[in-house]
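turn this into a structure:
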Amino acid sequence: MSIVPLFQLHSDVDSGIGNIKYILSGEGAGTIFVIDDKTGNIHATKTLDREEQAQYTLTAQAVDRDTNKPLEPPSEFIVKVQDINDNPPEFLHGPYHATVPEMSNVGTSVMQVTASDADDPTYGNSAKLVYSILEGQPYFSVEPQTVFKKNHNSVSHRNLYFNCFQTVYLFFHIFIFINNGIIRTALPNMDREARQEYNVVIQAKDMGGHMGGLSGTTKVTITLTDVNDNPPKFPQSRFYSYSVLKSPSSISFIPSSLFECRAEALLPRVLLKPLAQSAFMVGGEKSHRAICDPVLPRLKAGVHNPWCQVNCDWLQLYRCVYAMSVSEDAVPGEEVGRLKAKDPDLGENGLVSYRLLDGDGVNVFEISTDSQTREGIIKLKKPVDFETKRAYTLKVEASNVHLDPRYISWGPYKDTATVKIMVEDADEPPVFTLPSYSLEVEENSPSGTVVGRVHAKDTDVANSPIKYKIDRHSDLDRYFSINYEDGIIKTTVPLDREQMPWHNISVIALETLGHQEEAKVHVYIKVRDVNDNGPEFATMYETVVCENAPLGKLIQTISAVDKDEMTNRQRFSFSIAQEAVNNQNFTLKDNRDSTAHIYVSRKGFSRQTQELYLLPIEINDNGNPPRSSTNTLTIRVCGCDNDGTVQSCNVEPYILPAGLSTGALIAILACIVILLVIVVLFVALRRQKKEPLIVFEEEDVRENIITYDDEGGGEEDTEAFDIATLQNPDGANGFLPRKDIKPELQFPPRPGVRPVPNSVDVDDFIKTRISDADNDPTAPPYDSIQIYGYEGRGSIAGSLSSLESATTDSDLDYDYLQSWGPRFKKLADLYGTKDTDNDDS
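Presented below is the predicted three-dimensional model:
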């Protein structure tokens, strides 16, 4: 390591004999800076970097070498590191991203970039930067912006030599250079739709940009943001079709596979090479056409095409329109088609709204905007009919929703297109000539009478023949029939108006060709009235005549009704029937207003003599033809008071008094009481009688036990009991269903504790059976002998039946049966009695 001498410290008291020792302390002392303690020379141990530390503060002192006592006060001094250009400029925040609106004016500020240079800006041009563009011209430019600031600071500084020990104040300036590069647009009308992103490389060079300076670069990505500078455009509005002709033949329309075109202009002597040729005949001449080729601007400018291979005398141009179609059976609201005006702008700048301007279909169709696809959706507003109108034309306008006032002069921001909508023929159902039919037929007409006719036709081009039939759901009784060819409706049975005055049927018209569409129409058939019913009393009269009624008293006013229809001038007439015209009891007066009065023609009516009188009355309706009927008026004789109020209409006996004697009433009441007592006793006896809990079958031995209820006849009595049944072990191995009830739920047999072979513990077995019965949800709430049908197998106690008691030599004590309760009282009595007898013997 080389030692570079920087300067020397010298004290005035140093006589050169080596008795003074120099000491150095402070920043870097001993590491970066070392001092010769004899001579005071200060050396640097390594190369200094100003960018790491620009200055060092050191303290020097002269002391006695032997005693280390200070000879002078310590002196502080500063060592400054002089800068050289050894650091290139750097962009600390790069790479950069910036945006600028499209169509901005020249000089519009895009962004500011800043490079920093670690060199000393106060010394030379090491930190003086100059900005330039390496990539991105001629679209953008960069200009430097240098800010120069000066700060005044004072620093106390002593001289480096110790000969005067004076404090010297040096004033110096701190200069700050801030260098920025401002990027600006350099070209006007930069279009985002043409190019959206630019990559610009900016260079910063120190030394003022002179030779030998260091440089640094950064990348700036500049994106043009969108403005509303483009109007919406329909693609079809700029496309044209043309055909070359030998003569100006009259051509009104040429279909296209893309969309339809209409005649726009007829230009003479133009040479043009069609882009897509297809041969076709027009007026006998062979011609060529190109489908929707955007050539009109060139043709209008009169530009000659040298590549034309066809000599054309005339050129027919066609403006292309949107072609759509809709079926005539489409319902309102159904989508017909879509069209889109393209706007290259983004976001709200590219929003487009559509509306119908003109055309013969503005009232038939409607248009809305799809916010997602920005398409115009044409929908059906009203039904269309192929047979009435087969084509509609619409003029559609597309315009921007949001306009930028800065570019409003570039407008208009709208475009129009023509839409031609063809109505397609659909196989529609037949159409009746009337929406409904009202027909009439007289009642009682014979079968086969013509009622009327319905007619339907096929409005489609095919004009399919129609056949007819009656919907039998509307004519369940089949009163009518129809000719399937001509639609003539006839009766099948005579009709009765009084039974059903109207018949509502449905007739179906069915196409015989195609999809065999069908239509239905309602036919209302009225049955006209014929005077075929005689008149009747308006109601069932209850006529009363008092026994004391005076001569000529009015006892009833009668009227009539007729099931047939009555005209306004038609009235009923009344008269006493011929067979009763000579009666001496009552007379009838016709009021000539369809009513009649019945009068008493004698006195002295008596219930005992005759209770009822039947008066036949003939009623005539005076219709055409006239109808009459005889109705019987029943007149009852009743007892009345002096005011004519009816008291009683029953026949009163002559001999018996009008009531029962007291003795008769008492006898009747006594009989009733006796009958009630008998009934009560019978019910009480029925309640006391116990019904058998279980209905057993005839062969079941337990039925015999319940029936006989005795001790048995010994071993010889083998007909009354089935010992095998009593000892059947299968009853204990499975679930025994009840025979007197029908359980609602069936459960599988539950595994329980089974008696061990040769076990004599009958008590445990019975307890197990009782527990099973208590836990069985299908068992009735009472015990049953069926539960104890198994007596055990191999028990040393043997059978509990009395059938084997005589032959069983057992010394077992059955006294414990007395403690088992009343249910085992019979067993306790049997075995206890036998044991007692044995003891006595």
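
what about Q647, how many neighbours?
10 (other C-beta atoms under 10 Å). For the C-beta atoms, the positions are set from N, CA and C on the backbone; glycine is no exception.

meant to ask about K21
Neighbour count for K21, taken as other C-beta under 10 Å: 18.

measure the spatially closest residue to it that is not a sequence neighbour to I182 for me?
Leaving aside its chain neighbours, K21 sits nearest to R65 (4.1 Å; criterion: C-beta to C-beta, 6 or more residues apart in numbering). Note on R65: its distance to I182, by C-beta to C-beta, to the nearest Å, is 65 Å.

kindly report the same for P494.
Using C-beta to C-beta, P494 is found at 110 Å from I182.

ok, now T223?
Taking C-beta to C-beta, one finds T223 at 18 Å from I182.

paired strands for the helix or strand where L439 lies, with orientation please.
L439 is part of strand 436-442 when elements are defined by DSSP states H and E. Using DSSP bridges, the strands paired with strand 436-442 are strand 518-528 (parallel).

avg pLDDT for the strand it pairs with?
Per-residue pLDDT over strand 518-528 has a mean of 94.

could I have the CA atoms of it written out in PDB?
Output in PDB follows, covering the C-alpha atoms of strand 518-528 (Å, rounded to 0.1, in the frame of the first residue of the first chain):
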ATOM      1  CA  GLU A 518    -105.600 -26.000 -38.200                       C
ATOM      2  CA  ALA A 519    -107.800 -23.200 -36.900                       C
ATOM      3  CA  LYS A 520    -110.900 -23.200 -34.600                       C
ATOM      4  CA  VAL A 521    -113.900 -21.000 -34.600                       C
ATOM      5  CA  HIS A 522    -116.900 -20.700 -32.300                       C
ATOM      6  CA  VAL A 523    -120.400 -21.400 -33.700                       C
ATOM      7  CA  TYR A 524    -123.300 -20.200 -31.700                       C
ATOM      8  CA  ILE A 525    -126.600 -22.000 -32.700                       C
ATOM      9  CA  LYS A 526    -129.900 -20.700 -31.400                       C
ATOM     10  CA  VAL A 527    -132.800 -23.000 -31.300                       C
ATOM     11  CA  ARG A 528    -135.900 -21.100 -32.500                       C
END
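
what helices and strands are in contact with the helix or strand following it?
Using DSSP H and E, the helix or strand that follows strand 518-528 towards the C-terminus is strand 536-537. Contacting strand 536-537 under the criterion 3 or more C-beta pairs under 8 Å, 6 or more residues apart in numbering; DSSP states H and E are the following elements: strand 554-561, strand 628-640.

next, format those strands as JSON lines and append mean neighbour count.
Shown next, in JSON lines, are those (neighbours: other C-beta atoms under 10 Å):
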{"stretch": "strand 554-561", "mean neighbour count": "17"}
{"stretch": "strand 628-640", "mean neighbour count": "17"}
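
in JSON lines: those strands, plus distance to S327 and mean pLDDT.
Converted to JSON lines, those look like this (distance: least, C-beta to C-beta, whole Å; pLDDT from 0 to 100):
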{"stretch": "strand 554-561", "distance to S327": "59", "mean pLDDT": "93"}
{"stretch": "strand 628-640", "distance to S327": "65", "mean pLDDT": "92"}
